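A.B. asks: here is my input, please return the structure:
(2 chains)
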Amino acid sequence: GAVVSQHPSWVICKSGTSVKIECRSLDFQATTMFWYRQFPKQSLMLMATSNEGSKATYEQGVEKDKFLINHASLTLSTLTVTSAHPEDSSFYICSAAIPRGADTQYFGPGTRLTVL
Amino acid sequence: GQQVMQIPQYQHVQEGEDFTTYCNSSTTLSNIQWYKQRPGGHPVFLIQLVKSGEVKKQKRLTFQFGEAKKNSSLHITATQTTDVGTYFCAGGDSNYQLIWGAGTKLIIKP
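C.D. replies: Just a heads-up that it's a prediction; the model follows:
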């Protein structure tokens, strides 16, 4: 149990286009989902915390108008990278927290974004 | 699908005792990464192992990657209260995605 999926697993896009990444909890309901960005061999950098039915909470330095997060249901959160630029190329990982404890997170497999 | 099983789910140890967490993959991995998440925090990258049979040390932490690149372990010698947290392994697959273990929560008994 406690499986989290992400789609797509990798995407290549042209500069200036928008890319949507989906994060789904497949067999449980997640009241909270986290979005992270990771550079090679570095820690996960928290971008935002997404709560179902409310606006996402963004970390300092993360542009909310550039990284749009929607948590429409208890099993789905989406991250849209708007007007992508090459510097947005990265590995994006989501995680879903089971309601019983915020420290219990289940991670998705990640989405590798390459912006040309 | 591909899975990484991580055991145990919880480990209670007295301060000063050793701690080990194990990860086993259903498929051969390209690499294995280890992370530590402190209570209330988010995962911090510890190390990445790439080579078959690789062993790396970071002070009291010893990381191993199995010969078949399907299993890995993290061993902490003489645990300290600062070691408290959840340790995750994440296996890199051929598509460069991460397959996460469920984590092992280390609890230090006073």
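A.B. asks: when you work out contacts or count neighbours from here on, use the C-alpha atoms and nothing else.
C.D. replies: OK.
A.B. asks: in the chain, which helix or strand is least confident?
C.D. replies: All of this refers to chain A. strand A:105-107 (a mean of 86; mean pLDDT, DSSP states H and E).
A.B. asks: looking at chain B here, not the other one
C.D. replies: The helix or strand of chain B with the lowest confidence, counting by mean pLDDT, DSSP H and E, is strand B:98-100 at a mean of 88.
A.B. asks: would that strand count as contacting chain A?
C.D. replies: Yes - where contact is defined by C-alpha under 8 Å from any C-alpha of the partner chain, part of strand B:98-100 touches chain A, namely B:Leu98, B:Ile99, B:Trp100.
A.B. asks: just checking: what are the partner strands of the following helix or strand past that strand?
C.D. replies: Downstream of strand B:98-100, the next assigned helix or strand under DSSP states H and E is strand B:104-109. Within its sheet, and counting by DSSP bridges, strand B:104-109 is paired with strand B:10-14 (parallel), strand B:85-92 (antiparallel).
A.B. asks: in TSV: the ones you listed, plus mean neighbour count.
C.D. replies: Supplementary listing: these in TSV, determined by neighbours: other C-alpha atoms under 10 Å in any protein chain shown:
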stretch	mean neighbour count
strand B:10-14	15
strand B:85-92	26
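A.B. asks: which stretch among these comes nearest A:Val62?
C.D. replies: A:Val62 sits nearest to strand B:85-92 of all the strands paired with strand B:104-109, at 25.4 Å, using C-alpha to C-alpha.
A.B. asks: re earlier: I'd like the strands paired with strand B:104-109 as JSON lines, with mean pLDDT and distance to A:Ala96 appended.
C.D. replies: Formatted as JSON lines, the entries for those read as follows, by pLDDT from 0 to 100; distance: least, C-alpha to C-alpha, whole Å:
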{"stretch": "strand B:10-14", "mean pLDDT": "96", "distance to A:Ala96": "20"}
{"stretch": "strand B:85-92", "mean pLDDT": "94", "distance to A:Ala96": "15"}
